[in-house]
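[1] How does the following fold in three dimensions:
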Amino acid sequence: MPDLGRFLEKEYDAGNGRVVINRSDRAGRRMLSRIDPCLRAAALLTPLLGIGSAMVAQSITEFTVGGQPRGIAAGPDGNLWFADETGNIGRITTQGGLTEFPVSGSQTRPYFIAAGPDGAMWFTETTGNRIGRITMAGAITEFAVPTASSRPTGIVSGPDGALWFTQPSISNLGRMSIYGAATQIGLPANTANPVGITAGPDGNIWFTEYNAGKIARIVP
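    Numbering: from 1, shown residues only. Below you'll find the model as predicted:
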């Protein structure tokens, strides 16, 4: 059976009907993996049903990208975009063609990435303490967040046309307009440690509170 415990993140690429998984192999090499749509269900059910793993193993295509890829998201250009913690934003085609765009400075640590409402990709710099924006042509703009060392982590495009992100080290949420104007929202518990964030089907923003052991919701 594949070592599914080493998978780091997954993202559903709706345009191509594939699950894209960011993982490392046993040697510690970082890879992006693709599971084709007809076998996606088998990949998810095999560990539960205890059936053979040969079909699942044959369905996975891996692309070595180097670095330390973390978050990944489908872009409006039909490619996959990923944040590389070593200081790059990567773009990979569905055939594995790779392009990398360096983020300014060596201690930025791009972490998660999301498609924005403006046709660009937006990403967090958890060490650089900034929110970045990259166009489909690779032009990068960076915006500082209001509080130093807040470690912006998760990011998502909200239904209000802004980017929402988590700041675990200060237990805040952040909201940034597509023009870079940022505001912060404090949480009831100052040790909540929000990390993951997503837009819900109810029009709200949902996020995890890692230390508090809670799932929370905020009206945009």
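[2] I'd like to know how far Ile170 sits from Ile178.
    Plainly put, Ile170 is 23 Å away from Ile178 if you go by C-beta to C-beta, to the nearest Å. Heads up, the C-betas are built off the backbone N, CA and C, glycines and all.
[3] quick one, helices of the protein?
    For the chain, helices defined by DSSP state H occupy the ranges 40-49, 54-58.
[4] so where's the protein uncertain?
    1-31, 33-57, 106 (pLDDT under 70).
[5] Chain neighbours aside, what residue packs nearest to the spatially most central residue of the chain?
    Residue closest to the mean C-alpha point of the chain, counted by C-alpha atoms, centre = their mean, is Gly71 at 2.9 Å. Nearest non-adjacent residue to Gly71, counting by C-beta to C-beta, 6 or more residues apart in numbering: Phe112, 3.4 Å away.
[6] quick one: contacts for the one you found?
    Arg70, Gly71, Ala83, Phe123, Thr124, Thr153, Gly154, Ile155 (C-beta atoms under 8 Å, 6 or more residues apart in numbering).
[7] Was I right to think the fifth one contacts Arg133?
    No: with the criterion set as C-beta atoms under 8 Å, Thr124 and Arg133 do not qualify as a contacting pair; they are 11.2 Å apart.
[8] Between the two, point out the one with more neighbours.
    A count of neighbours by other C-beta atoms under 10 Å puts Thr124 above the other of Thr124 and Arg133, at 31 against 19.
[9] Just to check, Ile197 is in contact with Leu163?
    No: counting by C-beta under 8 Å, Ile197 stays clear of Leu163, with 10.0 Å between them.
[10] Need the overlap of contacts for those two.
    With C-beta under 8 Å, 6+ apart as the test, Ile197 and Leu163 both reach Ile155, Val156.
[11] Neighbour count: those two, which is higher?
    Under the criterion of other C-beta under 10 Å, the comparison of Ile197 against Leu163 puts Leu163 first, with 26 against 23.
[12] any idea how far the more buried one lies from Leu32?
    23 Å.
[13] Next, the contact list for Gly132, please.
    By C-beta under 8 Å, 6+ apart, the contact list for Gly132 reads Ile89, Val103, Thr108, Pro110, Trp122, Phe123, Thr124, Glu125, Ile140, Thr141, Glu142, Phe143.
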